[in-house]
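Chemist: give the three-dimensional model of this entry:
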Amino acid sequence: MGLATAKKFVENNIKTIIIGRNEKNLAETSKNLGELCSYKVFDLSNLKGIPQLVNEVTSEFGAIDILVNNAGINQKKAFTEVTDEEFQQVILTNITSVFVLSREVARIMLQQKSGCIINISSMAAQYGIPYVIAYTASKSAIKGMTKAMAVELSPGGIRVNCVAPGFIETNMSAKALDDDPQRKQKVLSRTPMGKLGQPDDIAEAIYYLASDAAKYLTGVVLPVDGGNSIGF
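Modeler: Numbers count the residues shown, from 1 in each chain. Below is the predicted model of the structure:
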């Protein structure tokens, strides 16, 4: 979904900086997307390094107009078998790093008196899904954070919104569904459109929320799920 979003931004002449842990993948992606795409190698679980990361980006590229908090990890495991360390690792990446990065970027945006922050939640925050307790907790928190951030930051010119993807064809969803046909069938049976979404579907929603077409939207949690959240 991050790749699809970066591609959508570049296609619309938005200078895009992608962040990740794998320099080989980042360099290849940046090369493929062209001169409007740059990259920074960074592990967002390194909270203490985030302020310096933001400083580097602003020093090198100037203003930060859009932040997309897309990084996330998942773990499929029975509730009673999840260790403290496993739970905290998901929370660290999916919530705490989002908070720290958003805080640092918001400081820049408040000086600019403009900006747009887009968080990524999940259908796991809409209803109970077994075996993903830490992920569910983290994505539920993202919904609440989005609304709290929007109320506090919007008077300063910063819009904060959230996309809640349904079940999208990604490597992460494949790990959760492909080895569990019954689970996959349940997903499809309660999705009125009867199919998994594509990363491009999420990219389009993120681009819309970042664009002037959504200039009067803030605090919104937008499901992009083929109707899964209202399916029966």
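Chemist: for the protein, give me the ranges with low pLDDT.
Modeler: Residue ranges of the chain with pLDDT under 70: 172, 174-176.
Chemist: can you point me to the longest strand in it?
Modeler: strand 158-165 (DSSP state E).
Chemist: CA atoms only for that one, dumped as CSV, please.
Modeler: This file holds the C-alpha atoms of strand 158-165, laid out as CSV (Å, rounded to 0.1, in the frame of the first residue of the first chain):
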residue,chain,number,x,y,z
ILE,A,158,-3.4,20.8,9.8
ARG,A,159,-6.0,18.4,8.6
VAL,A,160,-5.8,14.9,10.1
ASN,A,161,-7.7,12.0,8.6
CYS,A,162,-7.5,8.2,8.5
VAL,A,163,-8.0,5.4,5.9
ALA,A,164,-9.4,2.1,7.3
PRO,A,165,-8.5,-0.5,4.7
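Chemist: run the chain-centre distance for it.
Modeler: 9 Å (C-alpha atoms, centre = their mean, to the nearest Å).
Chemist: what of stretch 46-62?
Modeler: 19 Å.
Chemist: surely Ser229 is in a strand?
Modeler: No - Ser229 is assigned helix when assessed by DSSP: H, G, I helix; E, B strand; the rest coil, not a strand.
Chemist: tell me the spacing between it and Thr83.
Modeler: 30 Å (C-beta to C-beta, to the nearest Å). Quick note: C-beta positions are derived from backbone N, CA and C, even for glycine.
Chemist: can you map out the strands along this protein?
Modeler: With DSSP E as the criterion, the chain has strands spanning 16-20, 37-41, 66-69, 115-120, 158-165, 221-224.
Chemist: save the ones you listed as TSV, and put in mean neighbour count and distance to Glu60 too.
Modeler: Below are the strands of the chain laid out as TSV (neighbours: other C-beta atoms under 10 Å; distance: least, C-beta to C-beta, whole Å):
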stretch	mean neighbour count	distance to Glu60
strand 16-20	19	9
strand 37-41	17	8
strand 66-69	22	16
strand 115-120	24	18
strand 158-165	26	22
strand 221-224	19	31
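Chemist: so can I have a markdown table of those strands showing distance to Ala203?
Modeler: Converted to a markdown table, the strands of the chain look like this (distance: least, C-beta to C-beta, whole Å):
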| stretch | distance to Ala203 |
| --- | --- |
| strand 16-20 | 12 |
| strand 37-41 | 14 |
| strand 66-69 | 10 |
| strand 115-120 | 11 |
| strand 158-165 | 10 |
| strand 221-224 | 10 |
